[in-house]
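# Predicted model, plus sequence, below.
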Amino acid sequence: MPPYTPTAREVTLLTALFIGLLYFSATFPRHSGSVTDLIRTSPHVVEDQLDVLPLTLETQYTLQALNPPLSWGLGQVPETKIVAHVPGWTIFDRLYILNGTTYIVSDSPENVPDRRFMISTAVFIENGPEAEARRIPTDKEMRVISTEEARRLFGSEAERLDGVTWLANDPKQFVTHYYHWSAELFFGFWRTYSSLDPSIPPTGETSLPAPRRFIFPHIDAANWRDYAAMNQWVLRSAFPSISTEFMNDWKERAALGRVFVLDRVVLADRAAAMNGEMFLRTQRTAANAFSLPGSVNWWTTIRNNVVGFSTLDENAGAMSVGGVPTKPVITYISRQGWNRRMLIQADHERLVQELYRLRDIHNYEVNVVEMDKLTRIEQFRLAARTTIMMGVHGNGLTALLWMRPTPRSTVMEFFYPGGFAHDYEYTTRALGMVHYGFWGDRYFTRPDVPPVAYPDGFQGNSIPIDGALVAELCHERLTLSEEADD
């Protein structure tokens, strides 16, 4: 067959089509953005002339993949980065989890802290060498592996748990107690995490994203709340969007047989923290975290959220959050109705009398309360306004977390003579306030604090207190220079 030769008419049509394409390509507006940009509204179009859908959560997004895995294909498995570490508190980027075991991927294992300072077996904490040996982690809890071994174990990708995760590797032993939850676990988590923003201002604003999830691998969903329902209040008011995962969720992920990677995780372990020098000095697990950089306003972020949540539409609460000076408020948290760790009744009555005398002479606001008789909102509102808080050593003093730290802010704690515990003393100082311990007719403060001791009578109902001495110290604290709160 002879070769095909186009006719003159066909050549003319092709020439006209080619010229038309050149013309339109030269005049059509060019776009240098991504493909997804092309489906957005053109800025040259008046929007009210378009037949568009109303703005919803869905219409704000363009085409996307939902939570794509971390994939390295034929390349090297991305290494784990240890962002910050002190005993019991570690921030990781890209911590891997497979079959319930955590994996640190690193080709420089010599730079990875001993895992005893990061994690434990999460058994209940008891005294004695045998109990300590049971807490030492094994390969079941954590492994440090090379990128080559990681590739053999993980394959070519890992499912992502995106954003920031808080992971508490503790049993329920202490978690269900308001003080240990808020003033140790939560306290330590935020102090560790906030070290990544050491310039938090007095307003509490931070560049740190809120944690997306709180994971408890060794606690079931029914065993993290305290009897007074304060734990959940603190969590939900501090981070309203946070989700919680528990033992069964951890087991479900392990049963999938897939590797997961946490974008960023703050790992807490009480037993590991007990190996830290600062814990040995104070018996406070959160104390280790204060070795990390941090702002003097580090706790303000959490306090403002919790107090603000509890004081909505309350002017006094707003002033407490905002740092506006208010009338001095003395709050005595009484335990006289608890039948455990109480003042001598006559001393209690004299103390109340002396405090009311201060009120009448100096116009201070004085509150004598039993915390279990107040609603949760009332507790937070009162603590947020309190200048001086006092009471016998006990859970009610946890409310000091929500006081506004000023040079006058003071906590007075009553002990049976000879007894002392760091719980509220350390927490008070960590917040920048002043703590006084009382033994009847004498008081002490840092640095002259006694050693930890629990003598007979510590838990009893015959704790003495000199009410006149307490009132005298209150007046002394409240007559500091008027500029002290500015």
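Yep, it's here. Residues are numbered from 1 along each chain as shown.

# element containing Arg264, please.
Taking DSSP states H and E as the criterion, Arg264 maps to strand 260-268.

# Strands of the stretch 151-300 of the chain, start to end?
According to DSSP state E, counting those that start in this stretch, the stretch 151-300 of the chain carries its strands in the segments 157-168, 213-215, 243-245, 260-268.

# quick one: which of these is nearest Asn288?
strand 260-268 (10.3 Å; Cβ to Cβ). In this view, the C-beta of every residue, glycine as well, is placed from N, C-alpha and C.

# residues in contact with the closest one?
70, 83, 88-98, 102, 118-119, 158-170, 185, 188-189, 192-193, 211, 253 (Cβ atoms under 8 Å, 6 or more residues apart in numbering).

# mind running it again at 7 Å?
70, 88-97, 118-119, 158-169, 185, 188-189, 192-193, 253 (Cβ atoms under 7 Å, 6 or more residues apart in numbering).

# and if you look at stretch 350-368?
So stretch 350-368 is in contact with 327-332, 334, 382, 465, 467-468, 470-471, 474-475, 478, going by Cβ under 7 Å, 6+ apart.

# The residues you listed in helices, which ones?
382, 467-468, 470-471, 474-475, 478 (DSSP state H).

# Is it possible to mark the buried ones in these?
Neighbour counting by 16 or more other Cβ atoms under 10 Å classes 382, 467, 470-471, 474-475, 478 among these as buried.

# Output those residues as CSV; include the columns distance to Gly457 and pLDDT.
Below are these laid out as CSV (distance: Cβ to Cβ, whole Å; pLDDT from 0 to 100):
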residue, distance to Gly457, pLDDT
Leu382, 30, 96
Gly467, 19, 98
Val470, 19, 98
Ala471, 24, 98
Cys474, 25, 98
His475, 29, 97
Leu478, 31, 96
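
# how about stretch 394-410 as PDB, C-alpha atoms only?
This file holds the C-alpha atoms of stretch 394-410, laid out as PDB (Å, rounded to 0.1, in the frame of the first residue of the first chain):
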ATOM      1  CA  GLY A 394      -3.700  15.900 103.900                       C
ATOM      2  CA  ASN A 395      -5.300  15.700 100.400                       C
ATOM      3  CA  GLY A 396      -7.200  19.000 100.800                       C
ATOM      4  CA  LEU A 397      -4.000  20.900 100.500                       C
ATOM      5  CA  THR A 398      -3.700  19.800  96.900                       C
ATOM      6  CA  ALA A 399      -5.900  22.800  96.200                       C
ATOM      7  CA  LEU A 400      -2.700  24.900  96.500                       C
ATOM      8  CA  LEU A 401      -2.000  24.000  92.900                       C
ATOM      9  CA  TRP A 402      -4.700  26.500  91.800                       C
ATOM     10  CA  MET A 403      -3.500  29.500  94.000                       C
ATOM     11  CA  ARG A 404      -2.100  32.500  92.200                       C
ATOM     12  CA  PRO A 405       1.600  32.700  93.000                       C
ATOM     13  CA  THR A 406       2.600  36.100  94.400                       C
ATOM     14  CA  PRO A 407       5.300  37.100  96.900                       C
ATOM     15  CA  ARG A 408       2.500  36.900  99.600                       C
ATOM     16  CA  SER A 409       1.100  33.500  98.600                       C
ATOM     17  CA  THR A 410       1.700  31.100 101.400                       C
END
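
# Distance from the chain centre to it, please.
18 Å (Cα atoms, centre = their mean, to the nearest Å).

# How about stretch 223-240?
For stretch 223-240, the separation from the chain centroid amounts to 12 Å (computed by Cα atoms, centre = their mean).

# Could I get the buried residue list for it?
Within stretch 223-240, the residues scored as buried using 16+ other Cβ under 10 Å are 224-226, 228, 230-231, 233-235, 237-239.

# Which two of the residues you listed have the greatest separation?
Longest span within the buried residues of stretch 223-240, Cβ to Cβ: Ala228 and Phe239, 19.8 Å.

# residues in contact with the residue nearest the centre of the chain?
Geometric centre of the chain, nearest residue: Trp190, 3.6 Å, by Cα atoms, centre = their mean. By Cβ under 7 Å, 6+ apart, the contact set of Trp190 is Ile302.

# now do the one 3 residues further on
Tyr193 makes contact with 91, 208, 266 under the criterion Cβ under 7 Å, 6+ apart.

# returning to what we had before: of the ones in helices among the contacts of stretch 350-368, which pair is most distant in space?
Maximum pairwise distance among the ones in helices among the contacts of stretch 350-368 (Cβ to Cβ): 24.6 Å, between Leu382 and Ala468.

# wait, Arg376 sits on Trp233?
Yes - between Arg376 and Trp233 a contact is recorded at 5.4 Å, counting by Cβ atoms under 7 Å.

# Need the buried ones among the ones in helices among the contacts of stretch 350-368 in TSV (columns: distance to Ala150).
Listed next are those as TSV, based on distance: Cβ to Cβ, whole Å:
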residue	distance to Ala150
Leu382	53
Gly467	65
Val470	61
Ala471	65
Cys474	60
His475	64
Leu478	60
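
# and the nearest residue to Asn99 once chain neighbours are set aside, how many neighbours does it have?
Nearest non-adjacent residue to Asn99, counting by Cβ to Cβ, 6 or more residues apart in numbering: Ala254, 5.1 Å away. For Ala254, the neighbour count with other Cβ atoms under 10 Å is 16.

# Quick check: Ala254 vs Leu431, distance?
Separation of Ala254 from Leu431 (Cβ to Cβ, to the nearest Å): 39 Å.

# pLDDT weak spots in the stretch 351-486 of the chain?
481-486 (pLDDT under 70).

# now the strands for it?
Going by DSSP E, counting those that start in this stretch, the stretch 351-486 of the chain shows strands at 365-369, 388-392, 410-414, 434-439, 442-444.

# about what we covered before: among the strands of the stretch 151-300 of the chain, which is the most enclosed?
strand 260-268 (a mean of 23; mean count of other Cβ atoms under 10 Å).

# what is the rounded mean pLDDT of that one?
Regarding strand 260-268, the rounded mean pLDDT is 98.

# just use 12 as the starting number from now, easier for me
Will do, 12 is the new start, and the previous item becomes strand 271-279.

# got the angle between that strand and strand 168-179?
If you take axes from the mean of the first three to the mean of the last three Cα atoms, to 10 degrees, strand 271-279 sits at 20 degrees to strand 168-179.

# Given strand 271-279, what are its sheet partners and their directions?
strand 100-109 (antiparallel), strand 168-179 (parallel) (DSSP bridges).

# Turn the ones you listed into JSON lines, columns for distance to Asn374 and mean pLDDT.
Compiled in JSON lines, the strands paired with strand 271-279 are given as follows (distance: least, Cβ to Cβ, whole Å; pLDDT from 0 to 100):
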{"stretch": "strand 100-109", "distance to Asn374": "45", "mean pLDDT": "98"}
{"stretch": "strand 168-179", "distance to Asn374": "44", "mean pLDDT": "97"}
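
# I'd like the strands of the stretch 362-497 of the chain as a markdown table, with distance to Pro462 appended.
Shown next, in a markdown table, are the strands of the stretch 362-497 of the chain (distance: least, Cβ to Cβ, whole Å):
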| stretch | distance to Pro462 |
| --- | --- |
| strand 376-380 | 31 |
| strand 399-403 | 20 |
| strand 421-425 | 16 |
| strand 445-450 | 12 |
| strand 453-455 | 12 |
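
# any chance of those in JSON lines, with mean neighbour count too?
What follows is the strands of the stretch 362-497 of the chain, written out as JSON lines (neighbours: other Cβ atoms under 10 Å):
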{"stretch": "strand 376-380", "mean neighbour count": "17"}
{"stretch": "strand 399-403", "mean neighbour count": "25"}
{"stretch": "strand 421-425", "mean neighbour count": "25"}
{"stretch": "strand 445-450", "mean neighbour count": "20"}
{"stretch": "strand 453-455", "mean neighbour count": "14"}
